[in-house]
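Enquirer: the following block contains a protein sequence and its predicted model.
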Amino acid sequence: MATHTLDTKSEVVVMYRDRPIFSCAACSAVIALQDELISKSFSGRDGRGYLMHSAVNVKLGKREDRPLLTGVHTVADVFCMGCTDRLGWYYHKASDHSQKYKEGKYLLERERLVKENQWKLDG
């Protein structure tokens with residue numbers, strides 16, 4: 001599914017054929033399956049965000065402690081492998097016990113994604 005470490009992949013992988021996905025708004029690279037959505041009730045830097053179980057075709061930036069609305073979290077920015085746009089961040093660690101459920105999850109900003117339902121019309 002998704003990688004949680006910095007890696008040297010430089011090629012965008014096409015997958016999830018005929019499955020509802022989120023893709024990068026800038027370059028259309030597949031970023032996540034819609035089935036991986038946990039919550040739409042999150043805030044990103046530039047507006048609403050989605051908490052996701054996993055993501056693909058992304059690279060992680062360096063870890064940093066960042067003050068967020070729910071406290072200080074150790075996070076890494078998430079970048080699209082197709083165009084290098086920043087899409088959100090990855091939660092490495094939450095300092096508050098009530099926020100531990102975010103660890104290992106992705107916050108992807110809604111305005112940086114396109115929802116593709118893959119509907120087919122009978123014609």
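Expert: Right, received. Where do you want to start?

Enquirer: which SSE is the most centrally placed residue in the chain in?
Expert: Per Cα atoms, centre = their mean, the C-alpha nearest to the average position across the chain is that of residue 108, at 3.9 Å. Assigned by DSSP states H and E, residue 108 belongs to strand 106-109.

Enquirer: list the strands paired with that strand, with their directions.
Expert: Using DSSP bridges, the strands paired with strand 106-109 are strand 47-52 (antiparallel), strand 86-94 (antiparallel).

Enquirer: what's in contact with the shortest one?
Expert: Just to be clear, that refers to strand 47-52. With Cβ atoms under 8 Å, 6 or more residues apart in numbering as the test, strand 47-52 has contacts from 22, 32, 36-40, 42-43, 88, 102, 105-111, 113. For glycine as for every other residue, the C-beta is placed from the backbone atoms N, C-alpha and C.

Enquirer: the last one now?
Expert: Contacts to strand 86-94, defined as Cβ under 8 Å, 6+ apart, come from residues 4, 24, 31, 44, 49, 55, 58, 60, 63, 66, 70-71, 73-80, 100, 102-109, 112-113.

Enquirer: can you point out the buried residues in that strand?
Expert: The neighbour-count check on strand 86-94 (16 or more other Cβ atoms under 10 Å) flags 87-92, 94 as buried.

Enquirer: which residues in the protein form strands?
Expert: Remark: strands assigned in the chain by DSSP state E are 21-24, 30-33, 37-44, 47-52, 58-68, 71-80, 86-94, 106-109, 113-116.

Enquirer: now the longest one: buried residues?
Expert: Residues of strand 58-68 classed as buried: 58-60, 68 (neighbour count, 16+ other Cβ under 10 Å).

Enquirer: same check on the first one?
Expert: Of the residues in strand 21-24, those with enough neighbours to count as buried (16+ other Cβ under 10 Å) are 21-24.

Enquirer: please enumerate residues in contact with the strand holding residue 108?
Expert: In contact with strand 106-109 (Cβ under 8 Å, 6+ apart) are residues 2, 22, 31-32, 42, 44-55, 58, 78, 87-91.

Enquirer: show me what counts as buried in that strand.
Expert: 106-109.
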